[in-house]
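Q: just need the structure, nothing else, for what follows:
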Amino acid sequence: LVFKVFKNWLADAGLLIPIVIAVIFAVHPIHTEVVANIKSRDEIMSLFFVLLALNTWHQFMKDNQFKWLVYSILSYLLALLSKETAITMFPIFGMLAYWVYNNNVQASVKKGLGFVIPVIILFMIRMALFQGQDAPEISVMDNPIVAADGFGQRLATSLVILWRYFSLLFFPYPLSSDYSYTVIPLASFSDLEVILSLVIHGLLLAYAVYMTKRRSFLSLCIWAYFMAISLFSQIPVVIGTMFGERLVYLASFWWTGGLVVALAKEFNNSPRIGQSKSTIAFGVVVGSIFAIMTFLRNGAWSDNLTLFTTDVITYPNSVRLNNGAAETTLATADLPENASKKSEIYAKSEAYCQQILKVKPVPTAYLTLGNIRLKQGKYEEAIQYYDQVNDLQNMVNANKALTYREWGREAGEKEQNIEKSQKLLQQSLQLNDKDAQTWFLMGVSYGIIGQHPVAAEKFAKAYTIQPSPEYAKNAAMAYQNAGNAVKAAEFQKLAGK
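A: Coordinates of the predicted model:
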């Protein structure tokens with residue numbers, strides 16, 4: 001579709017330029033996240049339907065058949081329903097009528113008005129679904145720009161964001177799955193990146209304005225790029241995330257087209273003016289480099305462990321990357337092949353957590369540290385870390401319950417301290433009374449001290465939560481020792497199932 005759309009627009013340029021555009025777009029490394037991350041299916045589907053709308057719009061402009069206009073509007077509606085940020089593209093249809101199909105301004109505006117219909121439908125759906133609901137609060141961890149000191153700092157940081165998008169399109173290295181706290185720091189107008197962004201984007205804007213009357217295709221691409229990237233610049237509105245490679249997917253379509261056309265034409269009127277060899281060379285060289293970079297970057301997305309531990313090297317102060325690396329590294333300690341490497345794995349995971357605490361202490365770091373201590377059998381330290389978690393309470397309670405359970409098991413089995421064991425197990429049940437193993441251990445502790453009726457009740461409770469032959473067998477034995485033959489027979493029968 002990328003090839004087809006540009007072939008429609010650049011009919012006088014032959015096939016070479018559309019082919020190069022399609023190749024560069026297809027292999028661009030910044031698209032790795034869109035393809036590899038299932039979350040980004042919305043980006044792919046939205047661009048697909050935008051391209052479909054552009055293609056059917058071309059048919060309408062060429063044949064003037066009403067059915068193609070309907071198909072184009074419906075395709076654009078599907079693009080909006082895939083991801084509503086496609087709203088930035090509704091003016092492009094009228095703009096194409098002016099730039100590509102040589103309509104006058106008035107006629108172009110009239111022809112493009114039909115695409116307001118899908119926008120209205122989108123807003124109606126949003127009102128029906130979210131009417132009366134407050135917009136979710138944006139966390140500083142997701143988008144640090146919410147902590148900007150006034151509009152000036154926010155604008156300066158937004159210009160840095162625009163510069164990062166622009167520069168990664170030209171030089172897509174290094175890439176990362178996360179750009180939240182503190183990958184992109186808040187900026188001021190004295191920062192070099194802010195100045196570069198102002199100069200580059202100012203020049204692009206000036207060129208687009210100057211060349212609009214001449215219907216320069218490059219100026220159209222610049223305007224469309226600005227429209228596509230605008231929502232993600234944080235300038236018109238602050239969104240839920242600060243920066244993301246997936247967010248530049250639509251804008252990269254216009255960037256690629258503008259870049260190849262600019263190089264092929266070298267700002268001459270005809271794309272054919274002796275540029276075939278240089279255009280082919282550009283496509284082959286850049287396409288090959290980008291393809292290799294994409295192949296290598298794609299390997300980082302093979303699994304979460306590889307992704308987080310790779311990207312945290314690039315941005316060691318990212319709280320999210322360190323958190324992901326800590327959690328995924330810790331999970332590998334439970335693999336059978338890593339039985340002899342547990343201590344080393346715990347140390348690596350803890351190092352990521354300690355890095356988080358240096359940057360910004362967050363609950364997930366304490367939670368993971370508590371999990372590490374739990375796995376190490378250092379139960380008292382685990383509880384201390386869990387107690388420092390000020391949210392994620394359900395998860396914390398579940399982990400604290402598990403810690404008290406294993407601590408109680410150790411007190412009973414290794415220390416032979418039944419009183420301590422029962423106290424710890426009771427603390428576990430206060431946090432989670434749905435854990436069958438804890439009730440079972442309570443039953444064992446009462447059985448050891450000869451309180452068989454109580455032990456039988458605990459075993460029966462464990463069986464109620466999680467019916468298993470082991471729990472039924474222990475309940476039967478406890479009831480037998482307590483002199484309750486009827487209950488003993490009942491659970492003996494359950495144990496045989």
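
Q: show me where pLDDT drops low in this structure?
A: 266-275, 390-392, 497 (pLDDT under 70).

Q: next, Val183: secondary structure please.
A: coil (DSSP: H, G, I helix; E, B strand; the rest coil).

Q: go on, Ala228?
A: helix.

Q: what residues are up against the closest residue to it other than its chain neighbours?
A: Nearest residue to Ala228, sequence neighbours excluded (CB to CB, 6 or more residues apart in numbering): Ala251, at 3.8 Å. Where C-beta positions appear, they are placed from N, C-alpha and C, glycine not excepted. The neighbours of Ala251, taking CB atoms under 8 Å, 6 or more residues apart in numbering as the test, are Tyr165, Tyr225, Ala228, Ile229, Phe232.

Q: adding neighbour count and distance to Ala300, write those out as a markdown table.
A: What follows is these, written out as a markdown table (neighbours: other CB atoms under 10 Å; distance: CB to CB, whole Å):
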| residue | neighbour count | distance to Ala300 |
| --- | --- | --- |
| Tyr165 | 23 | 20 |
| Tyr225 | 26 | 27 |
| Ala228 | 25 | 26 |
| Ile229 | 24 | 25 |
| Phe232 | 24 | 22 |
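
Q: show me the two of those that sit farthest apart.
A: Tyr225 and Phe232 (11.7 Å; CB to CB).

Q: still on that earlier bit, next SSE after the strand or helix carrying the residue nearest to Ala228?
A: Using DSSP states H and E, Ala251 falls within helix 249-265. Per DSSP H and E, the first helix or strand lying C-terminal to helix 249-265 is helix 276-300.

Q: and the contacts of that next one?
A: 16-17, 19-20, 23-24, 27-29, 31-32, 35-36, 172-173, 175, 177, 260, 263-264, 306-307, 310-311.

Q: for it, what is the distance to the chain centroid?
A: 26 Å (CA atoms, centre = their mean, to the nearest Å).

Q: what is the helix or strand just after that helix packed up against?
A: The helix or strand immediately downstream of helix 276-300 is helix 304-314, counting by DSSP H and E. Helix 304-314 sits against helix 276-300, helix 319-331, with contacts defined as 3 or more CB pairs under 8 Å, 6 or more residues apart in numbering; DSSP states H and E.

Q: most tightly surrounded among those helices?
A: helix 319-331 (a mean of 23; mean count of other CB atoms under 10 Å).

Q: quick one: it to helix 304-314, angle?
A: For helix 319-331 against helix 304-314, the angle by axes from the mean of the first three to the mean of the last three CA atoms, to 10 degrees is 140 degrees.

Q: need the contact partners of helix 319-331.
A: 141, 176-178, 180-182, 304-305, 307-309, 311-312, 315-316, 345-346, 348-350, 352-353, 355-356, 359-360, 362, 364-365, 368, 371-372, 375.

Q: hmm, Glu84 is touching Leu122, no?
A: Yes - the criterion here is CB atoms under 8 Å, and Glu84 meets it with Leu122 at 6.0 Å.

Q: my read is that Gln388 contacts Ala365, right?
A: No - contact status for Gln388 versus Ala365: not in contact, 9.1 Å apart, counting by CB under 8 Å.

Q: ok, the two, which is more surrounded?
A: Ala365 (26 against 14; other CB atoms under 10 Å).

Q: got the contact list for the more buried one?
A: Asn322, Asn323, Ala326, Cys353, Ile356, Leu357.

Q: could you do Asp149 as well?
A: Here Asp149 is in contact with Leu186 (criterion: CB under 8 Å, 6+ apart).

Q: now it: how far from Thr157?
A: 10 Å (CB to CB, to the nearest Å).

Q: what does Lys265 give?
A: In terms of CB to CB, Lys265 sits 35 Å off from Thr157.

Q: next one: Tyr173
A: 22 Å.

Q: of these two, give the one with the bigger neighbour count.
A: Thr157 (26 against 11).

Q: in what helix or strand does that one lie?
A: Here Thr157 is assigned to helix 150-170, by DSSP H and E.

Q: what's next to the helix or strand following that helix, contact-wise?
A: Following helix 150-170 in sequence order, the next helix or strand is helix 192-212 (DSSP H and E). Outside helix 192-212, the residues that touch it by CB under 8 Å, 6+ apart are 156, 159-160, 162-164, 166, 187-189, 218-219, 222-223, 226.

Q: which of those count as buried?
A: 156, 159-160, 162-164, 166, 187, 218-219, 222-223, 226 (16 or more other CB atoms under 10 Å).

Q: any idea how far the residue nearest to His28 when sequence neighbours are not counted lies from Ala26?
A: In space, and not counting its chain neighbours, His28 is closest to Phe290: 5.5 Å by CB to CB, 6+ apart. Here Phe290 is placed at a distance of 9 Å from Ala26 (CB to CB).

Q: what segments of the stretch 1-150 of the chain are strands?
A: Here the stretch 1-150 of the chain has no strands by DSSP state E, counting those that start in this stretch.

Q: can I get the buried ones among the contacts of helix 192-212 in CSV with distance to Arg41?
A: Formatted as CSV, the buried ones among the contacts of helix 192-212 follow (distance: CB to CB, whole Å):
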residue, distance to Arg41
Ala156, 34
Leu159, 30
Val160, 29
Leu162, 26
Trp163, 28
Arg164, 24
Phe166, 26
Ala187, 32
Leu218, 31
Ser219, 32
Ile222, 29
Trp223, 28
Phe226, 26
